[in-house]
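Student: Mind looking at a prediction? Sequence and model below.
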Amino acid sequence: MSAARRALATGASAGLGRAFAEQLAAGGYAVTGIDRDAPGADAPFDHLRCDLADPGAVDTLVGDLAGRGPFGWVVLNAGISATGPFEAIPPEAYARLLAVNTEAPMVLCAGLAAAGALAPGGRLVFVSSLSHFTGYPGAASYGASKDALAVYAKSVRAPFKKAFGVSVSVACPGPLRTDHAARHAPQDADAAKRMPPDEAAKRILAAAQRGKAMITPGAGATLFAFAGRLAPGPVTSAMKRIIYDRLDRSVF
């Protein structure tokens, strides 16, 4: 199979990652999905099990993936959260969050590039968060981890284009209608207001295909990002009222 028809997606067992993997497979790509959990027998893609919080496992994974590439699409999507008062969450939860959300995608990106596993003309997508444009009271470490990833993606965009012919995008989706989002949201939050992961994946892949550097899928996300840039203080205060002040438990 042509290198341009191979794809990789992390966090592929559920939610947004599953949507990415399924849509790439439907587009004719041979997809390798990465996750700690199995996606189920009906998944239309290959699965490699890896706990992205384990640095040794990630190093081994890079070697395994090198033999499956080069990839025309790489979507580094996997992420976990920790919500609640900062002081109520144990340090080990923060360490795991940073390993999965920030360290693992950076290591995978660097490893794939060094192994020649990124196909020229391919697309590399880092999934950050809409919190990149504001503070995130109640999920401070999650916001920090995803913000770091967005800055990394912006920093490698020009060098990767020049060295490998690969287009780099950073996607900042807003709240999604997933089990993960529901687990970390206030109990009275309205899931109907969140974007379905299939729609978010479709918008992100289409924008990345066009070579867009920063992707905020949907009008609501785009408006929020604009407001966050224009008035970061008031937007962060609004986030505190909407999320932090309504949290009734710590989840990590």
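Tutor: That came in fine, so what should we check first?

Student: same for the strand or helix carrying G228, what does it pack against?
Tutor: Element membership for G228, per DSSP states H and E: helix 219-230. Counting contacts by 3 or more C-beta pairs under 8 Å, 6 or more residues apart in numbering; DSSP states H and E, helix 219-230 packs against helix 232-242. For the C-beta atoms, the positions are set from N, CA and C on the backbone; glycine is no exception.

Student: Could I have the CA atoms of the helix it packs on written out in PDB?
Tutor: Taking Å, rounded to 0.1, in the frame of the first residue of the first chain, the C-alpha atoms of helix 232-242 are listed here in PDB:
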ATOM      1  CA  PRO A 232      -8.700  36.800  28.200                       C
ATOM      2  CA  GLY A 233      -9.500  38.000  31.800                       C
ATOM      3  CA  PRO A 234     -13.300  38.100  31.400                       C
ATOM      4  CA  VAL A 235     -13.400  34.900  29.500                       C
ATOM      5  CA  THR A 236     -11.400  33.100  32.200                       C
ATOM      6  CA  SER A 237     -13.800  34.500  34.800                       C
ATOM      7  CA  ALA A 238     -16.700  33.200  32.800                       C
ATOM      8  CA  MET A 239     -15.000  29.800  32.600                       C
ATOM      9  CA  LYS A 240     -14.700  29.800  36.400                       C
ATOM     10  CA  ARG A 241     -18.400  30.500  36.800                       C
ATOM     11  CA  ILE A 242     -19.500  27.900  34.200                       C
END
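
Student: and for that helix, what are the contacting residues?
Tutor: With C-beta atoms under 8 Å, 6 or more residues apart in numbering as the test, helix 232-242 has contacts from S131, F133, T134, G135, Y136, P137, G138, F224, A227, G228.
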